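*Asks:* Quick one: sequence plus predicted model below, questions after.
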Amino acid sequence: MEPAEKKRKAMEPHPYYEISNGSAAADKRKAMEPQPYDQFSNGNAMDVEQQQKVMEPQPYNQDDGSHTDALIHSADPLHPANHISDLCRRFYTLGWVTGTGGGVSIRRGDHIFLAPSGVQKEMMQPTDMFVMDYTTKQYLRRPPVLKPSACTPLFLAAYTHRNAGCCIHTHSQWAVLVTLICEARLQSDPAHPSSNSVFSIKEIEQIKGISRGGSGSSEIAEGGRKLGNLGFYDTMRIPIIENTAHEEDLKGALEKAIEEWPETCAVLVRRHGVYVWGKDVAQAKTQAESLDYLFQLAVEMHKLGLKWVS
């Protein structure tokens, strides 16, 4: 072979078997193939079936609430989850939700938003909220570490029987005191002289902040008067039901009071507090504030020997 030809041949690419010290091309390819997991993991690897099982999608934890977080996350301060948290902080400063007592619920469309039980109201967060489907009464969102509010059946009564959009429950001391004054028959309503189960008051300006039925007409008459509200000369009457050892057991008595007192916007619970509702949050809040003003005024009037209804 000529020197030039030898030089060209030496420079040509060589097959693998010519540069692998005699090993076959098949051996080379086998060495380069991916090895089973258990061949390079010191004998501690899972078999193929176990590996596949680990890689399969795991069932979603239905109890952690995170799959429905979209229901309670919003930048809108008036979104129910945000609004309830804000209202609870405000009500705490009024002494309405001392400790973990009281509660707030808002209905928006087919969803009912509920503050949880056993949470200090001034520290409540939107992520603490329960969300219920109004039609099925099933929870759509249920935080696993919290308990549903014991007030829930009472809130539902206001939504069902008054078509309310918001219901507020407070442990106001003034509300409790007026039920005690009525219990002792220290004040009476001439229209119900033998009853100690109704709080009545009249000819007080703040009564005009109370709507008939709690979620009545918002029609405005000339001069700004709300046609659906009580007037100065009307007697406002709030029924009083007896307390029970467990809050949910109040449902039957509260529903009966709502039925028997069609103009009431609230129900007092003896030695306990008050439930107030409205067609929306603004009306429920306005009525809760107006009632608390009237309860406090009534206690002070009683101390001065003044009659609530003459």
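*Replies:* Cool, the structure landed.
*Asks:* In this protein, what helix or strand scores lowest on average pLDDT?
*Replies:* helix 48-55 (a mean of 47; mean pLDDT, DSSP states H and E).
*Asks:* what about the very next helix or strand once past that helix, distance to the chain center?
*Replies:* The element immediately downstream of helix 48-55 (helix or strand, assigned by DSSP states H and E) is helix 80-93. Mean-position distance between helix 80-93 and its chain equals 11 Å (C-alpha atoms, centre = their mean, to the nearest Å).
*Asks:* helices or strands next to helix 80-93 in the packing?
*Replies:* Under the contact definition 3 or more C-beta pairs under 8 Å, 6 or more residues apart in numbering; DSSP states H and E, helix 80-93 sits against strand 103-108, strand 111-114, strand 166-170, helix 281-303. For the C-beta atoms, the positions are set from N, CA and C on the backbone; glycine is no exception.
*Asks:* Could you pull up the mean pLDDT of the longest one?
*Replies:* Across helix 281-303, the average pLDDT comes to 97.
*Asks:* what angle separates that helix from strand 103-108?
*Replies:* Our comparison of helix 281-303 with strand 103-108, counting by axes from the mean of the first three to the mean of the last three C-alpha atoms, to 10 degrees, yields an angle of 150 degrees.
*Asks:* Nearest the geometric middle of the chain, what residue?
*Replies:* Leu114 (2.2 Å; C-alpha atoms, centre = their mean).
*Asks:* Please report phi then psi for the residue nearest to it when sequence neighbours are not counted.
*Replies:* Nearest in space to Leu114, with sequence neighbours left out and distances taken as C-beta to C-beta, 6 or more residues apart in numbering, is Phe130 at 4.4 Å. With angles defined as degrees, to the nearest 10, Phe130 sits at phi -90, psi 150.
*Asks:* For the helices and strands packed on helix 80-93, state which one has the densest average packing.
*Replies:* Neighbour counts (mean count of other C-beta atoms under 10 Å) averaged over each of these peak at strand 166-170, with a mean of 29.
*Asks:* Please identify the buried residues of the very next helix or strand once past it?
*Replies:* As assigned by DSSP H and E, the chain's next helix or strand after strand 166-170 is helix 173-183. By 16 or more other C-beta atoms under 10 Å, the buried positions in helix 173-183 come out as Gln173, Trp174, Ala175, Val176, Leu177, Val178, Thr179, Ile181, Cys182.
*Asks:* can you list the helices and strands packed on helix 80-93 in TSV and add distance to Ala266?
*Replies:* Listed next are the helices and strands packed on helix 80-93 as TSV, based on distance: least, C-beta to C-beta, whole Å:
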stretch	distance to Ala266
strand 103-108	14
strand 111-114	19
strand 166-170	9
helix 281-303	6
